[in-house]
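> Build me a model:
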Amino acid sequence: MRLNQNTLLLGKKVVLVPYTSEHVPSRYHEWMKSEELQRLTASEPLTLEQEYAMQRSWQEDADKCTFIVLDAEKWQAQPGATEESCMVGDVNLFLTDLEDPTLGEIEVMIAEPSCRGKGLGTEAVLAMLSYGGDPQTDSE
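Numbers count the residues shown, from 1 in each chain. Modelled structure (predicted):
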């Protein structure tokens with residue numbers, strides 16, 4: 001979804017940034033090679049080229065909104081830290097009825113095992129719910 005392409009959502013524990021092609025080779029593709037994550041997300045293994053195509057579709061499709069979840073503490077503590085070095089997962093909003101933008105589903109994946117159980121997923125979901133429910137977001 002292009003709507004969020006210039007959006008950064010800053011929380012106490014997480015920073016949400018749009019999912020771009022730069023995120024694919026550095027971390028995302030490596031995460032999705034994990035059999036555990038494939039099982040937990042009902043995903044199939046993809047080649048790097050397929051992963052790029054998937055990222056493009058998530059960016060272009062009108063019924064999906066995806067952010068990469070960054071560890072806010074790491075991102076803010078290291079001047080010049082790259083998004084890729086702070087990535088911990090993703091959060092997605094799927095609009096299930098384009099005629100009614102109030103209907104959808106949300107999912108979160110905290111891919112970095114060391115970051116699980118710390119409330120990052122909870123904060124990411126709450127930020128996405130707030131973003132998705134913002135009337136200004138709907139009108140853009």
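
> Now tell me which helix or strand of this structure has the poorest mean pLDDT.
Using mean pLDDT, DSSP states H and E, helix 135-139 stands out as the lowest-scoring helix or strand of the chain, at a mean of 49.

> low-confidence ranges in the chain?
1-3, 134-140 (pLDDT under 70).

> who touches whichever strand or helix holds His29?
Per DSSP states H and E: His29 is located in helix 29-31. The contact list for helix 29-31 (CB atoms under 8 Å, 6 or more residues apart in numbering) reads 37, 46, 48, 51, 111. (Glycine included, C-beta is placed from N, CA and C.)

> And stretch 16-25, by the same measure?
Residues contacting stretch 16-25 (CB under 8 Å, 6+ apart): 4-9, 28, 48, 51-52, 55-56, 58-59, 66-70, 83-84, 87, 90-91, 124, 127-128, 131.

> Tell me the buried residues within those.
4, 9, 28, 51-52, 55, 58-59, 66-70, 83, 87, 90-91, 124, 127-128, 131 (16 or more other CB atoms under 10 Å).
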